[in-house]
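Peer 1: What shape does this take:
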Amino acid sequence: MTQFCKTVFLFAFLLICQQSVFSQTKDSAAVKSDTIKAKKDDKDKKKSSVKPFKEIITDKAVSDQGVFTVHQVDDKYYFEIPDAILKKEFLLVTRLTKAAAGMRSGTSGYAGDQIGQQVIAFEKGPKDKILLRSISFVDYAKDSTSDMYSSVTRNNVQSIIKSFDVKAYGINKNSSVIEVTDVLNSDNELTSFSVYTKDSYRIGAFQKDMSFINFVKSFPTNVEVNTTKTFARTSGTPSTPAVPGRPAPKVSGNYTVEINSSFVLLPEKKMQARYFDPRVGYFTVGYTDFDLDPQGVKKISLIKRWRLEPKPQDVEKYNRGELVEPAKPIVFYIDPATPKKWVPYLIQGVNDWQKAFEKAGFKNAIYAKIPDPKTDTEWSLEDARFSAIVYKPSDVPNASGPSISDPRTGEILESHINWYHNVMMLLRNWYFVQASPNDPRARKMEFDEKLMGELIRFVSSHEVGHTLGLRHNYGSSSTVPVEKLRDRKWLEKNGHTPSIMDYARFNYVAQPEDKIGDSGIFPRIGDYDDWAIEWGYKRFNQFKTPDAEKEFLNQWVIKNLKNERLWFGTETNPLDPRSQSEQVGDNAMIASTYGIKNLKRIVDNLNDWTKTPNEDYENLGMMYDQVTTQFRRYLGHVSKYIGGQMETPKTVEQSGSVYEVVAKKDQQEAMKFLSENIFTTPQWLIKNDIFEKTSKTPVKTVEEIQNGVFGRILSPMVLQSLYQTSSINEKAYSLIDLFSDLNNSIIRKDNVDIYERNLQRNYVEHLFKYTDLKNMDKSDVSSIVRGNLNTIKKDLSAKISAGDLVNKYHYEDLVSRIEKALDPK
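Peer 2: Predicted structure coming up:
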């Protein structure tokens, strides 16, 4: 090939290569251009999912303005959430508006029942999203500039429970529109049952085709969502994981319920909290604080109370000690379903607390009313802004006073008192068995309307007390000398217990010859209640934080508790004989002796007082059971002295012990009472004319009561308490003392009858649980019990040859049982 040809060929080859490269570059650019275009188109497509406001909220929309605007367009619902509301906290409360047939169980399953509660907040997310978070207040650090605040925040990320696409932005671009139709009409913890309540009601699969939204309404501080939901009804607990080998819950029909969910905006200006003090009984909310203790953490408890504050123009008057009306009083509405004849008594039970609030500086602070359609236009029984006494058509003999509070401060926001229709039977039974010897009106099965109304008033006041934040004060009545409970003038002035929050019920100590009237028998709001309301609700405006007022409050409590009638006895101490349900007086042995005298009067007249024309003896059997139950209470009150330990909370500024062992003489007095009243057969309780007309049996009745006493005084808790206290104080009542007293009362009797044989048998049987080598106590308790069984064995062995044949067999049997318990082999 010539040089020319080579040159031409090379040129041609380069030209071809250049064209090829050019072509490849062109193709690559085209691909890149197409990719950019596709991404742009995709971005534009995503952008197009957020429509102009008018395309989503059309002219067909029915809009309701409030804390956020609710729009309904045909069958779709939208929330228009202002940017100003984002990240603000809402308390979400869900209740049954209408309960399903066959759903009720005990005290649950009724219209008005709460089935869910949580704190939530809306916030903006990426890519045109609105996120819904569930807010927890378990851990807390208030100093946002500290390293600890950052650490607590990093380790407490609030859970996202729902994500919504933004359908449109508001006309002024300062709000976001989200569709909530599917969320409202579905099974979730926002607008349906919580997992816990779903299990308890046996709620199964959600039936969407039989569920729908009734209405959504918006108000200035809340949104109310009302839905009808249908669920499969199961025989098990559907949220519990399946267990191998166990059949799955069976579906048996449906439940249809109406549910109301209230989205309530929590106050932006938080109420000033008050720290809990164990010397004054309040319910609490709490969290773990990482700021207060620089070398650790501290569990914080805040009392639950309503936000009672003077009106701005009355602050100076309030600070001077003048009575003022609160800016926002506590109002309870009466359920329109309540029988009209009981309404005045329920209202009075609420209004009775007005005097107590005057101690805190407020007049007309609390009242009840019937909702007026003309003036209470926004009122609804389901609206979480309103408190109510809800009347429930239930055979449950009960009432309860729950409340809903701001978890950040303890501020009570509302309450729905549950009033079950059959509470009247409970009141009738209580009053009959505790007051009929002193009140002739109680000596029949149907009380007069006025008497029942006054009983309703008392329970209404008690339950309202709970909604004000007050716990039971089981110790209040123990501050009253027993003999004062028979003093008419003293009772008229002071009442038989200083607190209506006590479970003191009625004055069962008073005797007919004392001629005590209603004021000395009925409970009423007393000295402790006035003090507790004053302590919880009085505002000290000179202190701007809970920490600032702490020292002042402590000194105030110390000063006031010099008055014994202001003492609070918790309901949770199992060893303190001063804090007991259903007890009155400062000495259970003396008070119970008087109580038994009244029970004897009732039993002697039970046939006549329970007669109802044209009916059988059901009432006789029922009221005999009430008598035995009351007798058990007296025995329980006394039994709590055995191994007892008194608890009196104090701060370091107070002198004296916090924990004190019940004196030996008091425990001995308790054992003497038990020996005389239950270890000696209570013949007064054995009435053949009652047993002949009912299914009651005397031997079983007495045996069950005796076993109840053994279950208490021979419990591991009591025996350990006796063992521990005697190791500290050798003069204290000891285990040896207990068994010596029991043996003298039970084992050393001669010529025992059927009741006493059962008593002996059950006594040793209760001791046997301490002889099991596998579960034997590692302290001296088990060895002392075994030693006592050997002592009993010797005593019984000596009796075998004495007495009749039945007793011989009885003693031989008991000796054999003891031997087997001590040496199973």
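Peer 1: how far does stretch 556-576 sit from the chain's center?
Peer 2: Centroid separation for stretch 556-576 versus its chain: 21 Å, with Cα atoms, centre = their mean, to the nearest Å.
Peer 1: Could you tell me the end-to-end distance of that stretch?
Peer 2: Using Cα to Cα, to the nearest Å, the end-to-end distance of stretch 556-576 comes out at 25 Å.
Peer 1: List the buried residues in that stretch.
Peer 2: 556-557, 561, 565-571, 573, 575-576 (16 or more other Cβ atoms under 10 Å). C-betas here are computed from N, CA, C, even on glycine.
Peer 1: pLDDT and secondary structure for those residues - can I get that in a markdown table?
Peer 2: Listed next are those as a markdown table, based on pLDDT from 0 to 100; DSSP: H, G, I helix; E, B strand; the rest coil:
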| residue | pLDDT | secondary structure |
| --- | --- | --- |
| W556 | 98 | helix |
| V557 | 98 | helix |
| L561 | 96 | coil |
| R565 | 97 | helix |
| L566 | 98 | helix |
| W567 | 97 | coil |
| F568 | 97 | coil |
| G569 | 95 | coil |
| T570 | 91 | coil |
| E571 | 89 | coil |
| N573 | 91 | coil |
| L575 | 96 | coil |
| D576 | 97 | coil |
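Peer 1: How many neighbouring residues does I818 have?
Peer 2: 22 (other Cβ atoms under 10 Å).
Peer 1: I160 and L131, how far apart?
Peer 2: Plainly put, I160 is 5 Å away from L131 if you go by Cβ to Cβ, to the nearest Å.
Peer 1: any common contacting residues for those two?
Peer 2: Residues within reach of I160 and of L131 at once, by Cβ atoms under 8 Å, 6 or more residues apart in numbering: there are none.
Peer 1: The two: which has the busier surroundings?
Peer 2: L131 (17 against 13).
Peer 1: And what about that one, helix, strand or coil?
Peer 2: strand (DSSP: H, G, I helix; E, B strand; the rest coil).
Peer 1: so who does it touch?
Peer 2: L131 neighbours (Cβ under 8 Å, 6+ apart): F122, E123, K124, G125, I160, K162, S163, F164.
Peer 1: how close does it sit to K359?
Peer 2: 47 Å.
Peer 1: for this structure, what helix or strand is lowest in average pLDDT?
Peer 2: Lowest by mean pLDDT, DSSP states H and E among the helices and strands of the chain is helix 3-48, with a mean of 46.
Peer 1: The helix or strand following it - contacts with which helices or strands?
Peer 2: In the C-terminal direction, the helix or strand that comes right after helix 3-48 (DSSP states H and E) is helix 53-56. Helix 53-56 is packed against strand 159-169, with contacts defined by 3 or more Cβ pairs under 8 Å, 6 or more residues apart in numbering; DSSP states H and E.
Peer 1: what comes into contact with the strand it packs on?
Peer 2: Identification of contacts with strand 159-169 by Cβ under 8 Å, 6+ apart yields 49-53, 55-57, 78, 120, 125, 128-134, 136, 175-180, 183, 188-190.
Peer 1: could you flag which of these are buried?
Peer 2: For the contacts of strand 159-169, buried by 16+ other Cβ under 10 Å: 50, 53, 56-57, 78, 120, 128, 130-134, 175-180, 183, 189-190.
Peer 1: Doesn't T227 lie inside a strand?
Peer 2: Yes. Assignment of T227 by three-state DSSP places it within a strand.
Peer 1: Just confirm it contacts V257, I think it does.
Peer 2: No. Taking Cβ atoms under 8 Å as the definition, T227 is not a contact partner of V257, at 9.0 Å.
Peer 1: follow-up on the earlier one: which one of the buried residues of stretch 556-576 is nearest to N790?
Peer 2: In terms of Cβ to Cβ, no member of the buried residues of stretch 556-576 lies closer to N790 than L575, at 29.0 Å.
Peer 1: Can you pull out the low-pLDDT segments for the stretch 651-800 of the chain?
Peer 2: Where the stretch 651-800 of the chain drops to pLDDT under 70, the residues are 773-777.
Peer 1: Kindly format the C-alpha coordinates of the longest strand anywhere in the chain as CSV.
Peer 2: In the chain, assigned by DSSP state E, the strand with the most residues is strand 251-265. Coordinates of each C-alpha in strand 251-265 appear next as CSV, following Å, rounded to 0.1, in the frame of the first residue of the first chain:
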residue,chain,number,x,y,z
VAL,A,251,-66.2,-16.1,67.1
SER,A,252,-69.8,-15.9,68.2
GLY,A,253,-71.7,-13.1,66.5
ASN,A,254,-70.9,-9.3,66.6
TYR,A,255,-70.7,-6.4,68.9
THR,A,256,-71.9,-3.0,67.6
VAL,A,257,-70.9,0.0,69.6
GLU,A,258,-71.0,3.8,69.3
ILE,A,259,-67.6,5.4,70.2
ASN,A,260,-66.7,9.0,70.9
SER,A,261,-63.1,10.2,70.7
SER,A,262,-62.2,13.6,72.1
PHE,A,263,-59.1,15.4,70.9
VAL,A,264,-58.6,17.9,73.7
LEU,A,265,-55.8,20.6,73.4
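Peer 1: what mean pLDDT does that strand have?
Peer 2: Rounded to a whole number, the mean pLDDT of strand 251-265 is 87.
Peer 1: neighbouring strands for the helix or strand following it, and are they parallel or not?
Peer 2: Note on strand 251-265: by DSSP H and E, the next helix or strand toward the C-terminus is strand 284-289. Partner strands for strand 284-289, per DSSP bridges, with pairing direction: strand 139-140 (parallel), strand 298-303 (antiparallel).
Peer 1: what's near enough to touch L190?
Peer 2: Applying Cβ under 8 Å, 6+ apart, the residues contacting L190 are L92, T94, G116, I120, L132, I161, K162, V183, S261.
Peer 1: So the last one is in contact with V225, correct?
Peer 2: Yes. The pair S261 / V225 is scored as a contact, 4.4 Å apart, by Cβ under 8 Å.
Peer 1: Mutual contacts of those two, please.
Peer 2: Common neighbours of S261 and V225 (Cβ under 8 Å, 6+ apart) are T191.
Peer 1: More neighbours: which of those two?
Peer 2: For S261 versus V225, the count of surrounding residues by other Cβ under 10 Å is larger for V225: 26 against 23.
Peer 1: Using CSV, write out every CA atom in stretch 161-173.
Peer 2: The C-alpha coordinates for stretch 161-173 follow below in CSV (Å, rounded to 0.1, in the frame of the first residue of the first chain):
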residue,chain,number,x,y,z
ILE,A,161,-48.2,6.2,65.2
LYS,A,162,-49.6,7.5,61.9
SER,A,163,-48.5,9.3,58.8
PHE,A,164,-50.8,11.3,56.6
ASP,A,165,-50.3,12.7,53.0
VAL,A,166,-50.9,16.4,52.8
LYS,A,167,-53.8,16.7,50.3
ALA,A,168,-53.6,20.4,50.1
TYR,A,169,-52.3,23.5,51.8
GLY,A,170,-54.6,26.1,53.2
ILE,A,171,-55.6,29.1,51.2
ASN,A,172,-53.1,31.3,53.1
LYS,A,173,-50.5,28.5,53.0
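Peer 1: average pLDDT for that stretch?
Peer 2: For stretch 161-173, the per-residue pLDDT averages 94.
Peer 1: what about that stretch, distance to the chain center?
Peer 2: With Cα atoms, centre = their mean, you get 39 Å for stretch 161-173.
Peer 1: And that stretch, what's buried?
Peer 2: K162, F164, V166, K167, A168, Y169, G170.
Peer 1: Same check on stretch 207-222?
Peer 2: Across stretch 207-222, burial judged by 16+ other Cβ under 10 Å covers S211, I213, V216, S218, F219, N222.
Peer 1: beta partners for the fourth one?
Peer 2: For S218, the residues forming beta bridges with it (DSSP bridges) are V223.
Peer 1: pLDDT wise, what is it at?
Peer 2: We have a pLDDT of 93 for S218.
Peer 1: So which residues of the stretch 401-550 of the chain form helices?
Peer 2: Under the criterion DSSP state H, counting those that start in this stretch, the stretch 401-550 of the chain contains helices at 423-435, 449-467, 488-494, 518-521, 527-537, 546-560.
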